[in-house]
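In: Whatever this is, show me its structure:
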Amino acid sequence: MKAFLMYRDRNFELRRGLPWNTEALTQDLELNTLFAAMAGGDPFVFEVARTAVLSAVANDVDTVLYRQQVLKDALKNPSVVRELYRIATDAVEQEKKVLGYGFLRDYPSGVLHRSVDLLKLLTGTLERLRKVADEHSGKFESPGFTALFRMVHDELTDAYLATVREHLRELEFREGVLLSAELGQGNRGTHYVLRRPARKRQGWLARILSRKPPAYTFRLPERDESGARALSELRDRGIILVARVAAQSADHVRDFFLMLRTELDFYVGCLNLYDRLVQKGEPTCFPQLAPAGACKLSFRGLYDVCLTLSTDRPVVGNDFNLDSKNLVIITGANQGGKSVFLRSVGLAQLMMQSGMFAPAEEFSASICDGLFTHYRREEDATMKSGKLDEELRRMSDIVDHMTPHAMGLLNESFAATNEREGSEIARQVVSALVEKGIRVLFVTHLYEFARGVYEEGWPTAAFLRAERQGDGTRTFKLREAEPLPTSYGVDLYHQIFGTAEPHLDLAQVALPSQLVRGQVEQRF
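Out: Purely as a prediction, here's the structure:
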């Protein structure tokens, strides 16, 4: 039995291998904020969301579209999906109610009793699942939910459920256990077989007055512990095969509900996130996909979903058509929204490829075969290597794992050395990646690198710049524009030190070191 909600023909594997750069992606894109919003306090939803989003970067358009259809159904019927999730969760929790057999769990009798008790509880849960399918299956259109409900209708018929309950009553052996055996070597019992008792259709009076078949009977004295133990062992030999089958059946049903809950975890997480975004008035959309290599990337109102989840203020979105552009260089004012924009693209790409909606009014992109981030890190506290050494080692690891049609997000890379050397390193790395068919989005203050690419007129390069108004105000919007030789660090200086010169022509001046010293001396 399969749930059919994450894949068309196989189950979702929660413990499948995550990408090697999971830690970097989680840190650079602040993914734990996204997972926490999806989880809503449920650790199981958190773990499934984490696995689904991080392992979703693969060249599989069909699976993405399949999940989109399932999610659309979930958004139209949230109460039904949450009820299915409660049923699956209750079924998984049933096992805790039948764990009180202590040492008996090691014996066939204990295994059988535990399995029968668990199957009784799970049968009731199967009936609840069948009832939901009967009442609500007509509201769902996606291939995933249609396959799930069809399987429930076909497998969990009234006749089947009645048969299960009858078998469970028989396995309680209320009238004792009927066994057959043969005498083996040394008169030891062998070939023990559990027999089904003959059906008793007579009334109670007829059964009392009727002649009994001949039989040999013996009774144990009340305190014959050895005899009782021998009978118990004899009984266990007879029921051991049945106990194993019952245990396998209980595990099979429990595993189905565990898989159903796991796959529903993802869609419940999407519902939780959707509710949060709707409450904030943020738009969402289902992305338009293109196959890997199509070099598609365009959007309207794209925003950083993790930023909006972390603040009460409105978040600014951006609109661009970057189709056919496999290099996007982003420059401009400090604290102008460059890093936020870069993160918004990475988050939207991951969400799209896991089958989720995108945080935008419109979003269209081609599948990428792997998402990689190279962000600036803090200084090595152990002082075993310099910052440039550390940056180059990380970039070397990334290059070793990249394949054509991957996407790389670079944020202030190679800024740990001087302008000339950093620009040359950036140029060589970026040109090699682009030549291999890898899309690169690069936030940088390396003016020599950015200007050089701009002046050479790379046909597949786009240049974005963070807006800054004449009085130094940041709009946090990006627009297509050529690189400038300043990132307006003086703006930050005036803001932090409280100076009153915001109207300097910052493109033409540098920050005098004596001015900084003077302000520091005044404040300290």
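In: What's the mean pLDDT across the biggest helix by length in the chain?
Out: In the chain, assigned by DSSP state H, the helix with the most residues is helix 225-279. Averaged across helix 225-279, the pLDDT comes to 83.
In: same deal with stretch 120-133?
Out: The average pLDDT for stretch 120-133 rounds to 92.
In: Could you pull out the buried residues of it?
Out: Neighbour counts using 16 or more other C-beta atoms under 10 Å place 120, 121, 122, 125, 126, 129, 130, 132, 133 of stretch 120-133 among the buried residues. Every C-beta, even on glycine, is put in place using the N, C-alpha and C of the backbone.
In: Would you confirm that residue 113 belongs to a strand?
Out: No - judged by DSSP: H, G, I helix; E, B strand; the rest coil, residue 113 forms no part of a strand; its state is helix.
In: For residue 106, give me the pLDDT.
Out: pLDDT at residue 106 comes out at 62.
In: meant to ask about residue 44, not that
Out: pLDDT at residue 44 comes out at 95.
In: again with the one 3 residues further on
Out: You'll see residue 47 listed with a pLDDT of 96.
In: For the nearest residue to it once chain neighbours are set aside, give me its contacts.
Out: The shortest distance from residue 47 to any non-neighbouring residue, by C-beta to C-beta, 6 or more residues apart in numbering, is to residue 14 (6.9 Å). Residue 14 sits next to 47, 48, 51, 262 when contact means C-beta atoms under 8 Å, 6 or more residues apart in numbering.
In: Among those residues, which one sits closest to residue 344?
Out: The nearest member of the contacts of residue 14 to residue 344, counting by C-beta to C-beta, is residue 51 at 22.5 Å.
In: show me where the stretch 351-500 of the chain has strands.
Out: Secondary structure of the stretch 351-500 of the chain by DSSP state E, counting those that start in this stretch: the strands cover 362-366, 371-375, 407-411, 439-443, 461-468, 474-480.
In: Make CSV out of those strands and add distance to residue 320.
Out: Listed next are the strands of the stretch 351-500 of the chain as CSV, based on distance: least, C-beta to C-beta, whole Å:
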stretch, distance to residue 320
strand 362-366, 11
strand 371-375, 18
strand 407-411, 15
strand 439-443, 11
strand 461-468, 7
strand 474-480, 7
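In: From residue 373, how far off is residue 64?
Out: Using C-beta to C-beta, to the nearest Å, residue 64 is found at 21 Å from residue 373.
In: more crowded one of these two?
Out: The residue with more neighbours, out of residue 64 and residue 373, is residue 373; 22 against 18, by other C-beta atoms under 10 Å.
In: can I assume the more buried one is in contact with residue 25?
Out: Yes - here residue 373 reaches residue 25: they are 5.9 Å apart, a contact under C-beta atoms under 8 Å.
In: so where's the stretch 1-150 of the chain shaky on pLDDT?
Out: Residues of the stretch 1-150 of the chain meeting the criterion pLDDT under 70: 57-59, 99-107.
In: Please, where are all the helices along the stretch 251-400 of the chain?
Out: Listed in chain order, the helices found in the stretch 251-400 of the chain under DSSP state H, counting those that start in this stretch are 305-310, 338-353, 387-401.
In: Highest mean neighbour count out of those helices?
Out: helix 338-353 (a mean of 24; mean count of other C-beta atoms under 10 Å).
In: pLDDT averaged over that one - what is it?
Out: 96.
In: Run the chain-centre distance for that helix.
Out: 16 Å (C-alpha atoms, centre = their mean, to the nearest Å).
In: got the CA coordinates for that helix in CSV?
Out: Taking Å, rounded to 0.1, in the frame of the first residue of the first chain, the C-alpha atoms of helix 338-353 are listed here in CSV:
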residue,chain,number,x,y,z
LYS,A,338,21.1,42.9,-2.6
SER,A,339,21.5,39.9,-0.3
VAL,A,340,17.8,39.8,0.4
PHE,A,341,17.1,39.6,-3.3
LEU,A,342,19.7,36.8,-3.7
ARG,A,343,18.2,34.8,-0.9
SER,A,344,14.7,35.3,-2.4
VAL,A,345,15.8,33.7,-5.6
GLY,A,346,17.3,30.7,-3.9
LEU,A,347,14.3,30.2,-1.6
ALA,A,348,11.9,30.4,-4.6
GLN,A,349,13.9,27.9,-6.6
LEU,A,350,14.0,25.4,-3.7
MET,A,351,10.3,25.9,-3.0
MET,A,352,9.4,25.5,-6.7
GLN,A,353,11.4,22.3,-7.1
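In: how about the host helix or strand of residue 37: buried residues?
Out: According to DSSP states H and E, residue 37 maps onto helix 31-39. Within helix 31-39, the residues that count as buried by 16+ other C-beta under 10 Å are 31, 33, 34, 35, 36, 37, 38, 39.
In: Helices - which of the buried residues of stretch 120-133 land there?
Out: Counting by DSSP H, the buried residues of stretch 120-133 contribute 120, 121, 122, 125, 126, 129, 130, 132, 133 to helices.
In: returning to that earlier point: would you point out the most distant pair within the buried residues of helix 31-39?
Out: So, the buried residues of helix 31-39 by C-beta to C-beta: farthest apart are 31 and 39, at 12.0 Å.
In: Can you report how many residues lie near residue 412?
Out: 19.
In: meant to ask about residue 241, not that
Out: The burial count for residue 241: 13, using other C-beta under 10 Å.
In: ditto for the one 10 residues further on
Out: By the criterion of other C-beta under 10 Å, residue 251 has 14 neighbours.
In: related to what we said a few turns ago, now the two most distant members of the buried residues of stretch 120-133.
Out: 120 and 133 (20.8 Å).
In: how distant is stretch 278-292 from the center of its chain?
Out: 17 Å.
In: Name the residues of it that are buried.
Out: Buried, per 16+ other C-beta under 10 Å, within stretch 278-292: 282, 283, 284, 285, 286, 287, 289, 290, 292.
In: Columns distance to residue 143 on top of these, output as CSV?
Out: Converted to CSV, the buried residues of stretch 278-292 look like this (distance: C-beta to C-beta, whole Å):
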residue, distance to residue 143
282, 29
283, 27
284, 22
285, 21
286, 16
287, 19
289, 17
290, 21
292, 23
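In: And the residues you listed, which is closest to residue 97?
Out: Nearest to residue 97 among the buried residues of stretch 278-292, with distances taken as C-beta to C-beta, is residue 284, at 39.7 Å.
In: gap between the nearest residue to that closest one once chain neighbours are set aside and residue 318?
Out: Closest residue in space to residue 284, ignoring its immediate chain neighbours: residue 357 at 4.3 Å, by C-beta to C-beta, 6+ apart. The gap separating residue 357 from residue 318 is 18 Å, by C-beta to C-beta.
In: Also residue 309?
Out: From residue 309 to residue 318 the distance is 18 Å (C-beta to C-beta).
In: For the stretch 401-524 of the chain, which segments count as helices?
Out: Under DSSP H, counting those that start in this stretch, the stretch 401-524 of the chain gives helices at 419-435, 447-456, 489-497, 513-523.
In: For the first one, buried residues please.
Out: So the one you mean is helix 419-435. Applying 16+ other C-beta under 10 Å to helix 419-435 flags 422, 423, 424, 425, 426, 427, 429, 430, 433, 434 as buried.
In: between the residues you listed, which is closest to residue 329?
Out: Looking across the buried residues of helix 419-435 and measuring by C-beta to C-beta, the closest to residue 329 is residue 430, at 8.6 Å.
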